[in-house]
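Participant: model the structure of this input:
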Amino acid sequence: MKKQLLFAFGAFALSLGSFAQQNLKLHPCNTYEAMEEVFKNNPDAKSRYNLVQSQLELEYQQAISNISAQKTAATIYTVPVVFHIMGPQVISDQTFIDIISYINNDYAKTGSDVGTISSAFSSLYVDAEIRFALAQKDPTGKCTNGIIRHNSDNMTWNQSSPSYNYSGNGTNRWPTNKYLNVYIVDCISGPSNPCPPTGSYIGGYTYLPGTWGTNASQDAIVMLKNQLAQSNPHDSRTLSHEIGHWLNLSHVWGGTNQPGVSCGNDNVSDTPLTEGHFSTCPASIGGNTCDPSTNDNIENIMDYSSCPKMFTQGQVTRMRSAITSATSGRNNLWTATNYSATGLAGGYTCTPVADFKANKLNNCTGNPITFTSMSYVGSSGTYTWTFQGGTPATSNATSQAVTYATPGTYSVSLTVSNSTGSNVMNKTSYITITNGSGGVSVPNTHDIESSGVPTNISVINNNAGSVAWTQNASVGANSTAKSMFLNNASTSGTAGHIDWFETPIYNLSGTTGISLSYYYAYAKKVAAQADSFKVQYSLDCGGSWTNILGVPSVGTMATNTGGTTSTAFTPSSVQWKQATIPSSLLSALNNKPSVKFRFYFRNDMSLTSSNNIYIDQINLLGTVAGVGITELENTIGLSIYPNPTNSSATIDFNVNTTDKVKISVIDLLGKVLEENQNIDATSNKVTYTINKNEQLAKGIYIVNIEVNGQRLSKKLIIE
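Facilitator: Residues are numbered from 1 along each chain as shown. Model (predicted):
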C-alpha cells in the first residue's frame, strides 16, 4: 500500500484535479518524516518531544474532564498568521485572504459542505472556536497585511536543510510564539521524496508541539503553492490539515505518513481505529476493516481521503488543549498583549509602509498603465503619487491610470502617511515606454548572421550572473553560421531560471494571413527534464504576453532534434527542425499596429542544470492589403526581370555609395534560401542575380531588399 502514495492523485479534491491534469505525483503530508529526521539528527529533541507530549496528554485528559463537568467556558482563540511567499511566485493577495476564510470555515463548522457529512459522524463535528487572521503589524510595529513576498529566495524547499530565515528570533524574523508562520514554496524536497521528476510533490508539513522549543524558527508550516485552494476551496484543505498537526493532531491512523499499511489510532476516543485512506472516498457506514463494529470516519480532515470535511469533538478538545498550553508558546498567541502587538486588536496604530505595483512595466505611447498601492497604512492614511513623464503627473488615489506621450524610461514615487508619520517608495527607471508606430513590416526574417546579437533583438535575463540568450557564431540552421543560443550546459544551479529574447515591434496594420516560422535545436539532459519553452506575442510593446498555440513542447523538440544527452548539445546540420505557426493560430495579430514576439525558456524547477537550446531564422509572413509601389521602390527605381523566369532573374536599383544594402530570398514557409549582406554599391547602382546557379525549384518566392534598414518585398515566380 505504501507505493500508492506515488500515484498521480491528490489527498484533497483540488490536488486530485490540478496534479492529475499535469500527470504529476503528490505525497500529501510529510510531517512525520520531517519529525523523524529532527530526532535522528538530535536525540535530545526526541527526549524533549516525549516529555512535552506526556504533559500535553495530561492537559488533554484534564480538558476532557472539564468538558464532562461543563467547566469550560466558550472562548474563541484567534491566531495571527503571516504567509512567507518564497521566490517570485505569482500569487495574488486575494488568494491568501480567501484561504484564511476557508480554514476559518473548517474550524468554525461553517463550510458549504457541512450538510453532506455522513450521518454516522455529523453530530461529532463542532465549532473548534479557533480562528485565524492575517497579521496587521509586523514585529517592529510597521503596518503589514501578513503576506510577505521574498522574491529573491529559492522557491524549492529542501526539507533536509530548510531555510527558516523569516521565523523565530532575530532581525527581520517573525516570532513563532506571536505568529503562525506559513512558508509557501513551489516544491518541497524530502529525504525520501525529492522533487519531480525523480520524486513526488509534497503537499505540506509541520511539526507537532514539542518537536522544537519555544519560538524556534522551525515551529512553522511549509506548504506547496498548488495546495492554496484557488478553485474549489471547501474541498482543498491542506492548510487546515497541517494546522491540525501544529495543534497536536495526528493522522487518524497514527503517527506515520503512510495510510493503508496497518490499523492504528490517533489517541482521540471518537475517531475510530482505521488504516486510513488515500485519494479515495469509500462509504463511511460499514466500511471499517479495522473494527467492523464501528463506522469509518473517512471524511476527517486528518485523513488522506479525497473528501475531507470535518473534525470530531475529541480532535477539537485536543487542539484547544494544545493552544492553551505553554508548549512552544501556543498560549501567547491569543493574549490581549499579542493581539495588540500583531494588530489584531481594534484601534491599533502602526508605522506606514509604502509599496505599489503597475499592471505593466512596458507599454506603447498613449496606452494606459494602472498603478495600484500595495502600501500598509493601518485603518486610515493618505497617498501622494508622482509620475515622471506621465499624465496625470500626480495623484492622491489608491489606484491611478497613467498614460505617457513620449518614449523613454520613467520613475514613479508614492508617499503614504498616517498619524505616526510617512514613508516613501521610489522606483527609478521603473516604466519603459516605446513608440508603437512605424514598426517593421512583413515579410521579415531574423537570420542572426550579423556581428553579435542583432541590435533590434532584446535579451532579458531574469537571473543576474547566469547564462542568457546570446549569439552562437559556430552553428546555424540551413548551413548558416550563427544562431541564438542558451548555453545551459555550461553551468549548474540553473533550476527555475527564466530567459527570453524579444523581436522588434512589427507594424501589421493592413496585414492579414500572418504566419510565423523558426528553426530550433534542443536536447534534454535527462529523460524526465521538465523545461518550459514558449513563443509569445505582445500587442502593447511588451507590456503583456500571450502564449502562441501550436508551438512544439520541449518533449517534441527533444524528440525531433537532440534527444537526451548528458553532454553539452551542439546540433548537426540534420538536427535542426523548422516549426511553423499557421495563420489560423495567429488571427489575433491581423491588422494590429504594434506586435512583438518573444522566445521564452524556463529551466526545470527541480534540476540543477539543463542542456542547450538554439533558435534561428525567425520568419514572419503575411498579406498586406493594397500593396502598390512603395516610396522606397520609387526612390531606388527597382526592377526585377524577367519575372516570371525559368532560370535566374536580375535585380537593378539605384543607391548611394554609403548605403547599407541587404538582399535575401525566402520561400513561402519563411526559409531563407539566398542572402547577401555585402552588396557592392560603389557605382551608385546595384545589379544582383537571383538564382544564379539555378538551384531554386519551381515556385513562388519573396525577394527582400533592405536599404539602410528600410525594407521592401517583391514576389518572384520561377516556372
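Participant: C-alpha from now on. contacts and neighbour counts both.
Facilitator: Noted.
Participant: who touches residue 526 in this structure?
Facilitator: Residue 526 makes contacts with 564, 565, 566, as judged by CA atoms under 8 Å, 6 or more residues apart in numbering.
Participant: now swap in residue 137 and tell me
Facilitator: 143, 144, 145, 146, 341, 342, 343, 350.
Participant: mind checking the SS state of the fifth one?
Facilitator: Here residue 341 is helix, with the state taken from DSSP: H, G, I helix; E, B strand; the rest coil.
Participant: wait, it touches residue 141, no?
Facilitator: Yes: contact criterion CA atoms under 8 Å: residue 341 and residue 141 qualify, at 7.3 Å.
Participant: have a look at the two and say which one is more surrounded.
Facilitator: residue 341 (21 against 16; other CA atoms under 10 Å).
Participant: please name the nearest non-neighbouring residue to that one.
Facilitator: Distance criterion CA to CA, 6 or more residues apart in numbering; nearest residue to residue 341, sequence neighbours excluded, is residue 137 at 6.7 Å.
Participant: any idea how far the one you found is from residue 342?
Facilitator: Computed as CA to CA, to the nearest Å, the residue 137 to residue 342 distance reads 5 Å.
Participant: and the pLDDT for the residue nearest to residue 341?
Facilitator: Listed pLDDT for residue 137 reads 94.
Participant: check residue 163 too.
Facilitator: So residue 163 comes in at 91 (pLDDT).
Participant: same check on residue 27?
Facilitator: pLDDT, residue 27: 79.
Participant: wait, isn't it in contact with residue 202?
Facilitator: Yes: with contacts counted by CA under 8 Å, residue 27 reaches residue 202, the gap being 4.7 Å.
Participant: find residues that contact each of the two.
Facilitator: Counting by CA under 8 Å, 6+ apart, the common neighbours of residue 27 and residue 202 are residue 193.
Participant: got the contact list for stretch 559-572?
Facilitator: 475, 489-490, 521-527, 558, 575-577, 611-612.
Participant: can you list the buried residues in it?
Facilitator: For stretch 559-572, burial by neighbour count (16 or more other CA atoms under 10 Å) applies to 560, 561, 562, 563, 564, 568, 569, 570, 571.
Participant: just give me the neighbour total for the closest residue to residue 403 other than its chain neighbours.
Facilitator: Among residues not flanking residue 403 along the chain, residue 368 sits closest, at 4.6 Å (CA to CA, 6+ apart). Neighbours of residue 368 under the rule other CA under 10 Å: 17.
Participant: list the contacts for residue 368?
Facilitator: Counting by CA under 8 Å, 6+ apart, residue 368 makes contact with 401, 402, 403, 404.
Participant: try it again at 6 Å.
Facilitator: Neighbouring residues of residue 368 by CA atoms under 6 Å, 6 or more residues apart in numbering: 401, 402, 403.
Participant: can you flag which of those residues belong to strands?
Facilitator: The members of the contacts of residue 368 that map onto strands under DSSP state E are 401, 402, 403.
Participant: and those residues, which of them are buried?
Facilitator: Among the ones in strands among the contacts of residue 368, the ones that count as buried by 16+ other CA under 10 Å are 401, 402, 403.
Participant: now this protein, which segments are flagged as low pLDDT?
Facilitator: Across the chain, the ranges flagged by pLDDT under 70 are 1-25, 68-73, 197, 229-236, 286, 626-632, 668-670.
Participant: regarding it, what is its longest helix?
Facilitator: The longest helix of the chain (DSSP state H) is helix 43-68.
Participant: identify all contacting residues around the helix or strand following it.
Facilitator: Using DSSP states H and E, the helix or strand that follows helix 43-68 in sequence is strand 77-86. Applying CA under 6 Å, 6+ apart, the contact partners of strand 77-86 are 130-135, 146-150, 153, 155, 179-185, 333-334.
Participant: now, those residues that are in strands?
Facilitator: 130-134, 147-150, 180-185.
Participant: from those, which would you call buried?
Facilitator: Buried members of the ones in strands among the contacts of strand 77-86, scored by 16+ other CA under 10 Å, are 130-134, 147, 149, 180-185.
Participant: quick check: which element contains residue 245?
Facilitator: Going by DSSP H and E, residue 245 is part of helix 238-246.
Participant: give me the angle between that helix and strand 180-185.
Facilitator: 130 degrees (axes from the mean of the first three to the mean of the last three CA atoms, to 10 degrees).
Participant: could I get the CA-only coordinates of helix 238-246 as PDB?
Facilitator: Provided in PDB are the C-alpha atoms of helix 238-246 (Å, rounded to 0.1, in the frame of the first residue of the first chain):
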ATOM      1  CA  THR A 238      -4.100  21.000   3.000                       C
ATOM      2  CA  LEU A 239      -3.500  24.000   5.300                       C
ATOM      3  CA  SER A 240      -6.400  23.000   7.700                       C
ATOM      4  CA  HIS A 241      -4.700  19.600   7.800                       C
ATOM      5  CA  GLU A 242      -1.300  21.000   8.600                       C
ATOM      6  CA  ILE A 243      -2.700  23.300  11.200                       C
ATOM      7  CA  GLY A 244      -4.200  20.200  12.800                       C
ATOM      8  CA  HIS A 245      -0.700  18.800  13.200                       C
ATOM      9  CA  TRP A 246       0.500  22.200  14.500                       C
END
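Participant: that one: how far from the chain's middle?
Facilitator: The chain centroid and the centroid of helix 238-246 are separated by 24 Å, computed with CA atoms, centre = their mean, to the nearest Å.
Participant: how many residues are close by residue 77?
Facilitator: For residue 77, the tally of surrounding residues (other CA under 10 Å) stands at 17.
Participant: list the contacts of residue 530.
Facilitator: Here residue 530 is in contact with residue 604 (criterion: CA under 6 Å, 6+ apart).
Participant: how close does it get to residue 579?
Facilitator: 20 Å.
Participant: packing partners of the longest strand seen in the chain?
Facilitator: The strand that spans the most residues within the chain, counting by DSSP E, is strand 421-434. Contacts defined by 3 or more CA pairs under 6 Å, 6 or more residues apart in numbering; DSSP states H and E place strand 421-434 against strand 362-364, strand 408-418.
Participant: contacting residues around the longest one?
Facilitator: For strand 408-418, the surrounding residues in contact (CA under 6 Å, 6+ apart) are 354, 381-388, 422-433.
Participant: I appreciate the help and will end here.
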